[in-house]
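Peer 1: sharing a model that was predicted from the sequence below.
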Amino acid sequence: MKWRIEDTPERAAFRSEFIEWLSTVLPDGWVEAVENGDDEALGAIKKGWNWMGWTSVIGASGFGAPLWPREYGGLSGESWMQQITREELQRFRLPLFSINILGVGLAGPTIVEHGTDAQRARYLKKILTAEEVWCQLFSEPGSGSDLASVSTRAERDGDEWVVNGQKVWTSIGQFAQFGMLLARTDPSKPKHEGLSYFIVDMKSPGVEVRPLRQMTGSAEFNEVFFDNVRIPDENRVGEIGQGWRVARTTLMNERVTLSGLSIDPASMMGGVKKDPWSEWVGSFRDTSDPVIRQKIAQYYSVQELKEVTAFRALSARLRGDQPGPEGSVNKVMNAEFQQRRTSFAVNAAGPNGVAWVSGDQDAERRATAFLRARANTIEGGTSEVLRNQIAERILGLPRDVAVDKDVAWQEVVRN
Ligand SMILES: Cc1cc2nc3c(=O)[nH]c(=O)nc-3n(C[C@H](O)[C@H](O)[C@H](O)COP(=O)(O)OP(=O)(O)OC[C@H]3O[C@@H](n4cnc5c(N)ncnc54)[C@H](O)[C@@H]3O)c2cc1C
């Protein structure tokens, strides 16, 4: 990786400390194999390695979330520490996120910022070790981009809230113990003001999770139905009616997580492989074709641009800025790059791009990557909506029309 933060003596010491720790917890020879560029040796060591077990090792070490307070499983550290751990995880071919990507990337930072001490003590450490997996219960059949219009209703009943409604697109909901729920607590207020944010136990009576199968063949996300689900008030995050404010923290972190701070997308989730791009290029039918060569050069240039853009966002964070609209720039760029690149890889592979001998895992992975990339410009905010945000918040263009902004939610006509 060319774009790296400068190592001051303090940063270099932290980097060494982290590498030293890695060498004590990884199987013998792993660190040396990477340092020596010995892919074959690394491949042999990694065989049978339990990366789920790795999640609890790094989760319990503090290095899994350097920014979180020390008493809740982090290092009470600074942004540069997070960047250094990510750089080294990537270099040592370790997963940057566990199966609990939504817990570590979204729920955790939200609870750190808006949760009570009791909530922080109860949930944060188990998020880091993936002992409790989380999902995000925001989108609904009628509310995605216009998220503040959600209809799922939470009504107060003594010390509890009673929830009714439906969510959709809930990634890993079928495996999750807890969900971040955005629900309407006051329909008489305009849409942004009548929302509250809850932690919901996915095993509560009345929660029904129905997996949805995608064109990749896997069922990554679900429909979730709430039928008189009871949530204790102590599970509310933030004040009643302040749910939008809390949700924005989740959304900002989502963009940062999905845009992956100058991170190769192949290594985001449990992927301990190298970026498959060079393998794909190796499998192209004719790399002497000038059109193919030109495309490869273009992807190389955009990859570099992406790195620089992500580095700019990182620099802002190192100055102490919170994740801001620049996360949208990275997210749009990454998503569209991933779609174009996988699409090109399938085309340039010729017939092998769409039909292969059973068991040809490289061809299968390439096709799956192409199909999965369709979701990149939708998940975590669509590219169109993120472009609106870039236009408004970075370029200072006029705001998108919002006719229902100051109207009571219950007065707005919807289907
Ligand atoms: C793989 C995947 C995983 C997901 N996981 C989760 C999850 O775990 N939890 C969760 O809550 N959600 C999840 N989502 C949902 C995701 O956040 C929504 O799909 C997304 O916000 C878009 O909402 P929508 O699907 O309702 O589309 P709509 O909002 O109905 O949009 C339809 C089209 O209209 C365009 N559009 C809408 N508004 C505007 C506008 N103002 N200006 C210009 N164009 C506009 C959109 O860009 C889009 O092309 C996931 C989605 C995917 C694909």
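Peer 2: Structure's in. What do you need?
Peer 1: what's the neighbour count on the residue of the chain found nearest the ligand?
Peer 2: Nearest residue of the chain to the ligand: Gly144, at 1.9 Å (Cβ to the nearest ligand atom). Quick note: C-beta positions are derived from backbone N, CA and C, even for glycine. By the measure other Cβ atoms under 10 Å, the count of residues near Gly144 is 17.
Peer 1: can you tell me how far it is from Val150?
Peer 2: Separation of Gly144 from Val150 (Cβ to Cβ, to the nearest Å) stands at 10 Å.
Peer 1: what's the pLDDT at Arg372?
Peer 2: Listed pLDDT for Arg372 reads 92.
Peer 1: for the host helix or strand of it, what is the distance to the chain centroid?
Peer 2: Assigned by DSSP states H and E, Arg372 belongs to helix 361-372. Put simply, helix 361-372 sits 21 Å off its chain's centre (Cα atoms, centre = their mean, to the nearest Å).
Peer 1: what does that helix rub up against?
Peer 2: The contact list for helix 361-372 (Cβ atoms under 8 Å, 6 or more residues apart in numbering) reads 214-217, 276, 279-280, 283, 342-343, 345-346, 349, 352-354, 356.
Peer 1: residues touching the residue of the chain closest to the ligand, list them.
Peer 2: 169, 382.
Peer 1: and it, how far is that from Gly380?
Peer 2: From Gly144 over to Gly380 the distance is 11 Å, taken as Cβ to Cβ.
Peer 1: tell me where the stretch 51-200 of the chain has strands.
Peer 2: Counting by DSSP state E, counting those that start in this stretch, the stretch 51-200 of the chain has strands at residues 134-137, 153-157, 160-167, 178-184, 195-201.
Peer 1: so where's the stretch 301-415 of the chain shaky on pLDDT?
Peer 2: Applying pLDDT under 70 to the stretch 301-415 of the chain picks out residues 322-324.
Peer 1: returning to that earlier point: are any of the contacts of helix 361-372 buried, and which?
Peer 2: Buried subset of these (neighbour count, 16 or more other Cβ atoms under 10 Å): 216, 276, 280, 283, 342, 345-346, 349, 352-353, 356.
Peer 1: out of the residues you listed, flag the one nearest to Glu113.
Peer 2: Among the buried ones among the contacts of helix 361-372, Thr216 lies closest to Glu113 (Cβ to Cβ), at 33.8 Å.
Peer 1: ok, and the closest non-adjacent residue to that closest one?
Peer 2: What sits nearest to Thr216 in space, not counting adjacent residues and going by Cβ to Cβ, 6 or more residues apart in numbering, is Leu371, at 4.7 Å.
Peer 1: show me what counts as buried in the longest helix seen in the chain.
Peer 2: For the chain, the helix with the greatest residue count under DSSP state H is helix 290-318. For helix 290-318, a neighbour-count test (16+ other Cβ under 10 Å) marks 292, 295-296, 299, 306-307, 309-311, 313-314, 317 as buried.
Peer 1: same deal with stretch 225-233?
Peer 2: For stretch 225-233, the neighbour count (16+ other Cβ under 10 Å) marks 225-226, 229, 231 as buried.
Peer 1: near the ligand too, which of those residues?
Peer 2: When those are checked against the ligand using Cβ under 6 Å from any ligand atom, none falls in range.
Peer 1: counting neighbours, what do you get for the nearest residue to Lys203 once chain neighbours are set aside?
Peer 2: Of all residues beyond its chain neighbours, the one nearest Lys203 is Gln177 (7.0 Å), with distances taken as Cβ to Cβ, 6+ apart. By the criterion of other Cβ under 10 Å, Gln177 has 17 neighbours.
Peer 1: dump the residue contacts of Gln177.
Peer 2: By Cβ under 8 Å, 6+ apart, the contact list for Gln177 reads 132-134, 201-203.
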